[in-house]
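Novice: make a model of this:
(chains A, B and C)
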Amino acid sequence: MTVRPDTFRSPERVEDAALLTGRAQFVDDLPEPGNCLHLAILRAGEAHAKITLDIAAAQALPGVVAVLTGADVAALTKPLMVGVRLPMECWPIAQDRVRYVGEPVALVVARSRYIAEDALALIDVVYEKLPAVVAPRDALADETVLHESVGSNLVSDRSYRYGDPEAAFEEATHRVEISVSYPRNAVTPIECYGLIAAYDPFEEAYDVTANFQGPFSIHSVISRALKVPGNRLRLRTPPSSGGSYGVKQGIFPYIVLASVAARVAGAPVKWVEDRLEHLTASVSATNRETTLAAAVDAEGRVTALDWDQLEDVGAYIRAPEPATLYRMHGNMCGAYDIQNLSIRNRVVVTNKTPTGLVRGFGGPQVYFALERLMRKIAVTLGLDPLEVIERNLIPAEAFPYRTASGALYDSGDYQKALEIGRTDARLAELLERRDVARAEGRLYGIGYAVAVEPSVSNMGYVSTVLTKEERAKSGPKNGAQATATVALDPLGSVSVHVASAPQGQGHRTVLAGVVGKVLGLPAEAVQVRTDLDTGKDAWSIASGNYSSRFAAAVAGTGKLAATRMRDRLAAIAAPMLGVSAEEVQFEGGMVTAEGAKPIPFARLAATSHWAPGTVPEGAEQALRETVYWTPPQLEAPDEADRVNSSLCHGFIFDFCGVEIDRLTGALRIDRYVTVHDCGRILHQGMVDGQIRGGYANAIGAALYEEYAYDAGGAFLTGTFADYLVPTATEVPAPEIHHLETPSPFTPLGAKGVGEGNCMSTPACLANAASDALGAEILTLPMTPARLRAHFAGEEPAAPEGVKPAAAPGGRGLTGSGEVEIAAPRQTVWDTLLDPETLERIVPGCHGVKKVTDTHFRADVTLGVGPVKGRYTVDVKLTDLVEPQSATLSGGARGALGSGEGSGRVVLEETPEGGTRMRYDYEAQVGGKVAAVGGRMLDGAAKVVIGQFFRALAAQTGGGTAKSGLLDRLMFWRRS
Amino acid sequence: MKPAPFDYIRAETREDALAALSEHGEAARILAGGQSLLPMLNMRLATPSVIVDTYRLSRAAQIREAGDAVEIEAGVTQARLLGWDGLAKALPLFAKALPWVGHAQTRARGTVCGSVAHADPSAEIPLCVAVLGGEVVLSNRRKSRKVASGEFHIGMMMTDRRDDEMLTALRLPRAKPGEGYGFAEYGRRHGDFAVVACAAKVTADSITFGVGGVGDTPVVARWDALDGSALDDALNACAWGLGARDDVHADARMRRDLVRGLGRRAIEAARREITA
Amino acid sequence: MTTLSKDDTTLIRLTLNGREVQGRASPRLLLSDFLRHELGATGTHVGCEHGVCGACTVRVDGVMARSCLMLAMQAEGAQVDTVEGLAPQPDRLSVLQAAFRRHHALQCGFCTAGILMSLDTLLRDEPDADRTRIEEVVGGHLCRCTGYAPIIDAALDAAAELRGGDHV
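Specialist: A predicted model of the protein is given here:
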């Protein structure tokens, strides 16, 4: 059945008034301890290098309390635990080597954040560069190995086999295969990481308040790293958190760093991550190279799947990785009834930011491959794509359904969802729109995707990466402990606490309703607290806000706790009412039974405080109930590597129509429909909110967002001007439809709903774009430039004599120029080799040292307009052909970043007795300036290099830069 | 992301600002609306030792019609110009282009002269000034000089402004009968820097065509009233001549196609609008 | 002309949500930090410090401003309005705030303060703002939770109510 929004209760959220009036308490809003200091972190500007640090100047800056290097941190901690058995040391701060741009290299604790950042600029880092490993396939070659102790960049390689995939492929009519790449991205919360850490040297205990989201299994990782028992790490969360989407799991290495900094500084330390830090180095989804093949019969039925997944976790395999790769392990056949399955999972490390939780967690990577393949099967067999999907869906009567790799799908009616799409969501209309658009010559396409959305993760799924022998050794891991506490106070009012660490999802509102309903109270009467204190509150390693576990697990546990409390109260009330406990009713704030005089709830609820002696024999005191709940279906992986990786499995059917602009290549979403089955809906407004949010995030992943690196590992998207988050004008509202097949495995029948569109929408949009272009979209994001490549055709030829500035696909900065100088060639040559003259003429030069005859070192202020920085520049001259030509190569380093390059200078005599100097150069730039100023680098290089040669020309006899052919082609407005 | 330390001078008047510049010269940066400079300060890409805050000048700053020209004084915000009731008539190109400049929130504080002085090659305002053949008024303590926009923008964020000078006003020719204006832009998202922006001024016998976002400065060409394949050829030559590059937002080929396509769109739109 | 050396601080006086307040600032102190940490008005949030996300948007002398792109020094004598000043009474929401709550136009609520300040200014200056105009103004903000549609709906609803019409 389709649920119409108006038939469902969508109470206003109790959270909202504080948020709307500016009274909410986010971590940076909390009062600071009076002696609070501030932490700033110096980060690597190079992707892969050995480092040496000079921190003396930073230490000497007034206001600086402490400067810590990797060694200082290592002296007080242990490396972070790694999820696979490997001799890899995963430190939260570089020791003597950096492995990704943004890796912490030094910590400064100072009186204010402003001063701490001043000190960062005074730390001199010398990088001895190593080759960077960027692409996962290149990592496999092991030409450069990130962790020598491991010996290879391939840190995990496991194969799995379920059913008889070889036979299925053997018998199949068709084998259809697709290879796709999923990029790096993340749903960047608008509030970055933030924390306050303190250390008590007498109790040897850390106390940290952080906007951490869980899972609280990470508490153990932090405790071990800090070398304290779990009860000496009090981890608290603030009342409000500004979004997470998984990402705030990644604050944990900083909890370690700030804790150590507080210990060394002898005072509480506050750290608020800034946006540059966040985009560069917080956490990213894994990028993944996938080849997926299907064995297909003549009717388009898939009989086997063969997965080859190559996962890139960045520079370290940081907890909880390789979880991204295994979260979907039970669901690798998606919504399809396929019993033969083979999987090869490889994990590599590269010189990129370590990965972690991001909304969808593993799902986007899997469904981009699987749903793109399903469309390719349809195209290959000449079938309708929706037909192919439908023929392979798990039948409605098969639930609960055990997948080949061990998941137990709780409930569903996938065919019904498709029917809702066809009827209520008017699929036929969209098909007509496509016909009309195509008749007009427009690039219009329709895409479909179905996805099974897992929720409530089995804490044991990651151990599927281990062999059964390794698992036996480390002991079984399973379950998903949820907790909820319901308490009564002396005035008989009800308080609830859960360890769900919400980041905006309205947990307080839902729980107030759930608990109120059980106790016969209005939701407004129930007070819910969700800030967590591991020192006082009930929690478990499964606590936290991830794997969409709230509605299915936590809210349900709230119901169980409330029910237990109600039962105790009923036992107390029964003799007062003269009935048996089973007959006691809780309704409208009263406790009643047929024929008896009602008792106000508050009076009954206060009994155990005021008059515990009146509690009848056999009944228990009703003060506080804490329930721990874990579903029995979440078992440890079995001997055959089957795992029920999640408890609940929702379903999504998406379809959309898109149009691609023939000029710009921009993809416009004409209509987007998403049909959801998330079991029992607890709050319509919030469910729709989750769907809309995930969908908007997915539009970002599909069309705009990518953490981009160049071939040398330089990070290129360090600001919100380059990492493009869609705004209101880029996100058309989706059309949402619902059906409900309640989960038999959860107390409320609810399933998770927060991540599904992150899984389905990128695939659906890519299928639509493939349809529009008659092409196979194999990577994301679908930038206009990438889409245009499918239809742009041959380019009008360049007019004679005009060459493109750079070879297509070329990386780095290149340029060339020409200057005519009214001086003899030898004079120009001599000038070029004379440090004293160079010092005078190089713009912004503060001094040139001659290291050898052909090696100069200069101290130069470089920049354009307001963007200026001071650099140490090394230039080496080679291939000297006096006085004709020379090759200049070298590098520059400074607080803003570093560059390397080489250029060739050629001097020719002109008929007039002067000199024509021609130069060309090629350079790569890294560090902050590459991350935040990419758009300007090319022009800036041109300006700086041009200035040098013009100055050289001016020094040696005056001259003019020559402009090119354009002057002859166009009339330039220079008057 | 906090600025490095700097000395602060708040100018209440133009004279204050020029006096400060005369004293501090190269060490000083002028803070106008701050929508470009503050991000650079926060990222410490820019670390000037003195900030001369001229925002107070906006209180007295005027948009003035003087004969054939419109003079926009330093301090006039982009939002104010956009809301000026003479805009559509006097500066139709600005009326079309200003909504593409950033967001309502940045236009509210960002100034027109500040954008020209900052000389970002992707910015719309310098492009429009260049296509109109506007003049930049540069003043120091002693005198003022006028510089044609083509001479003013000399490179990526590089201008002809001397260290003791301030851009005190822009002089833009008023639209005349017989002229039509067109503007077309593509950015990845609404409000983003232009990947390519094209502006055109067209009369019965000439085309003035400008491109932003590709070269290091706005690039302007002037053609006869080309049409059909002759216009295609001119746009194609222009597109190839700009030295377009690949970056994370677009590749060189796409930029050239956009110059050809949006260029044609802007010119045709301008033609349709030629006023009697 | 006012001059302040980089090592000094000065007293900044301004009107915050209709009340005169003061606090100390050095030349480089950002208005966002001044409001939050000097004046304790933590309702204004900081999301990017380079003027893109819009979370820190406040109203200065009647116009929208990214408070991360202003120095505290620039607010001397100014009328600054922030989210804390929107509600007509401590226990009552403004029309716009109430519409946000009704439409579930916020989840984590971190970006909300800035969006409210932009929309409050828009609806004050342009009571007839239509969907396109509202989308354009909200386009100056990043929100990761809501997908924006409920924000636009809330703004349209509030605009209608403020004009004296019915809820849409």
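Novice: every contact and neighbour count from this point should use C-alpha atoms.
Specialist: OK.
Novice: count the residues that sit near the residue of the stretch 401-550 of chain A found nearest chain B.
Specialist: Per CA to the nearest CA, A:R442 is where the stretch 401-550 of chain A lies closest to chain B, at 16.3 Å. For A:R442, the neighbour count with other CA atoms under 10 Å in any protein chain shown is 16.
Novice: phi, psi for it please.
Specialist: With angles defined as degrees, to the nearest 10, A:R442 sits at phi -90, psi 150.
Novice: check A:D16 too.
Specialist: In this entry, A:D16 is assigned phi and psi values of phi -70, psi -40 (degrees, to the nearest 10).
Novice: for chain C, which segments are assigned as helices?
Specialist: In chain C, the helices defined using DSSP state H lie at C:31-33, C:95-102, C:112-125, C:131-138, C:149-162.
Novice: that older thread, who touches the residue of the stretch 401-550 of chain A closest to chain B in this structure?
Specialist: A:R442 is in contact with A:659-662, counting by CA atoms under 8 Å, 6 or more residues apart in numbering or on different chains.
Novice: now do A:R224
Specialist: Contacts of A:R224 (CA under 8 Å, 6+ apart): A:78, A:80-81.
Novice: and those residues, which is closest to A:R825?
Specialist: A:L80 (61.5 Å; CA to CA).
Novice: correct me if wrong: the closest one contacts A:W91.
Specialist: Yes - assessed by CA atoms under 8 Å, A:L80 is found in contact with A:W91 at 6.0 Å.
Novice: those two - which one has more neighbours?
Specialist: With neighbours defined as other CA under 10 Å, A:L80 and A:W91 compare such that A:L80 has more, 25 against 22.
Novice: please name the bridge partners of the more buried one.
Specialist: Beta-bridge pairing for A:L80 (DSSP bridges): A:C90.
Novice: so what's it scoring on pLDDT?
Specialist: Turning to A:L80, the model gives it a pLDDT of 96.
Novice: thought A:G194 was touching A:E273?
Specialist: Yes - with contact defined as CA under 8 Å, A:G194 reaches A:E273; the gap is 6.0 Å.
Novice: what's in contact with the helix or strand that contains A:V860?
Specialist: Using DSSP states H and E, A:V860 falls within strand A:855-864. Outside strand A:855-864, the residues that touch it by CA under 8 Å, 6+ apart are A:835, A:839, A:843-851, A:868-877, A:940, A:943-944, B:156-158.
Novice: and the following helix or strand past that strand, what does it pack onto?
Specialist: Under the assignment DSSP H and E, the closest C-terminal helix or strand after strand A:855-864 is strand A:867-881. When contacts are defined as 3 or more CA pairs under 8 Å, 6 or more residues apart in numbering or on different chains; DSSP states H and E, strand A:867-881 sits against strand A:855-864, strand A:885-894.
Novice: return the list of strands paired to strand A:867-881, each annotated with direction.
Specialist: strand A:855-864 (antiparallel), strand A:885-894 (antiparallel).
Novice: low-confidence stretches in chain A?
Specialist: Scanning chain A with the threshold set as pLDDT under 70 gives A:1-9, A:803-812, A:957-975.
Novice: what about the longest helix seen in it, near chain B?
Specialist: Scanning chain A for the helix with the most residues, using DSSP H, yields helix A:928-956. Yes - using CA under 8 Å from any CA of the partner chain, helix A:928-956 reaches chain B at A:929, A:934-936, A:939-940, A:943.
Novice: and stretch A:282-290, by the same measure?
Specialist: No - judged by CA under 8 Å from any CA, stretch A:282-290 and chain B are separated, with a smallest distance of 15.4 Å.
Novice: got the contact list for that stretch?
Specialist: By CA under 8 Å, 6+ apart, stretch A:282-290 touches A:136, A:179-186, A:247, A:250-251, A:307-314, A:324, A:353-358, A:361, A:365, A:369, A:707.
Novice: now do 6 Å
Specialist: Stretch A:282-290 is contacted from outside by A:179-186, A:250, A:308-313, A:355-356, A:358, using CA atoms under 6 Å, 6 or more residues apart in numbering or on different chains.
Novice: how about stretch A:714-734?
Specialist: Outside stretch A:714-734, the residues that reach it (CA under 6 Å, 6+ apart) are A:276, A:279-280, A:672-673, A:700, A:704-705, A:707-709, A:926, A:930-932, C:135, C:139, C:142, C:148-149.
Novice: centre of the chain to that stretch, how far?
Specialist: Distance, stretch centre to chain centre, for stretch A:714-734: 14 Å (CA atoms, centre = their mean, to the nearest Å).
Novice: stretch A:629-642 now?
Specialist: Between the centre of stretch A:629-642 and the centre of its host chain there is 27 Å, according to CA atoms, centre = their mean.
Novice: quick one: end-to-end distance for that stretch.
Specialist: End-to-end span of stretch A:629-642 (CA to CA, to the nearest Å): 23 Å.
Novice: now it: buried residues?
Specialist: Within stretch A:629-642, the residues that count as buried by 16 or more other CA atoms under 10 Å in any protein chain shown are A:629-631, A:633-637, A:641-642.
Novice: which ones among those residues map onto strands?
Specialist: Here DSSP state E is the test, and these give A:W629 as lying in strands.
Novice: quick revisit: from the contacts of A:R224, which is closest to chain B?
Specialist: Lowest distance from chain B to these (CA to the nearest CA) belongs to A:L80, with 27.7 Å.
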